[in-house]
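Novice: Give me a model of this one.
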Amino acid sequence: MKISTRGRYALRVMVDMAEHDNGMHIPLKDIVARQSISQKYIEGIMTDLSKAGLVDGLHGKGGGYRLKRAPDMYSVGDILRVTEGDLAPIACLEKNAPVCDKMSECRTLPMWKKFYDLINGYFDGIKLSDLMTKEATENNYII
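Specialist: Next up is the predicted model:
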């Protein structure tokens with residue numbers, strides 16, 4: 001499994017918004033300047049995050065984006081599933097995957113299920129608020 005640039009940038013943007021939250025919408029140009037990511041690229045990410053209900057967007061004067069919840073109410077898994085889709089390491093474990101006719105005899109499926117559970121457990125166990133502290137980077141939470 002490899003997390004895409006889109007997933008990594010979404011996490012950076014969400015951490016940035018959490019760190020600069022003052023209750024107001026944050027102009028996209030401010031996030032772009034701090035994160036050194038193209039505005040067009042961030043706009044696509046913000047559209048996905050907004051559609052998923054993770055951020056609130058406002059157009060026009062005083063517009064921008066803000067988190068809909070407190071940082072400790074977001075898991076890294078929530079954010080990555082918006083940008084990456086299902087985090088399943090193999091197709092047969094993806095949500096709504098067709099039933100595999102080899103499933104009952106597959107010797108490797110239990111291993112993949114355990115790995116899938118580990119991935120989800122790990123990313124769901126890290127909150128956005130955890131990434132806001134200096135200790136997070138010292139604990140190897142690298143985006």
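
Novice: going forward, measure contacts and count neighbours with C-alpha atoms only.
Specialist: OK.

Novice: Need the pLDDT of the residue most central in space within the chain.
Specialist: The centroid of the chain falls nearest to Ile79 when counting by C-alpha atoms, centre = their mean (2.1 Å). Looking at Ile79, its pLDDT is 98.

Novice: how near is it to Phe115?
Specialist: 19 Å (C-alpha to C-alpha, to the nearest Å).

Novice: picking up where we left off before, am I right that the residue nearest to the centre of the chain is in a helix?
Specialist: Yes - counting by DSSP: H, G, I helix; E, B strand; the rest coil, Ile79 is part of a helix.

Novice: buried residues in stretch 31-51?
Specialist: By neighbour count with 16 or more other C-alpha atoms under 10 Å, stretch 31-51 contains the buried residues Ile31, Val32, Ile42, Ile45, Met46, Asp48, Leu49, Ser50.

Novice: separation between the third one and Tyr116?
Specialist: In this structure, Ile42 and Tyr116 are separated by 28 Å, where distance is defined by C-alpha to C-alpha.

Novice: likewise the last one?
Specialist: Ser50 sits 26 Å away from Tyr116 when distances are taken as C-alpha to C-alpha.

Novice: Surely the residue nearest to the centre of the chain and Ala10 touch.
Specialist: Yes - judged on C-alpha atoms under 8 Å, Ile79 makes contact with Ala10 at a distance of 7.1 Å.

Novice: And the residue with the largest distance to the centre of the chain, what's its pLDDT?
Specialist: In terms of distance from the mean C-alpha position of the chain, Glu105 ranks first, at 34.3 Å (C-alpha atoms, centre = their mean). Glu105 is assigned 90 on the pLDDT scale.

Novice: end to end, how far does stretch 62-75 reach?
Specialist: End-to-end distance for stretch 62-75: 28 Å, by C-alpha to C-alpha.

Novice: Buried residues of it, list them for me.
Specialist: Across stretch 62-75, burial judged by 16+ other C-alpha under 10 Å covers Gly64, Tyr65, Arg66, Leu67, Pro71, Tyr74, Ser75.

Novice: Distance-wise, check the residue nearest to the centre of the chain relative to Gly60.
Specialist: 26 Å.
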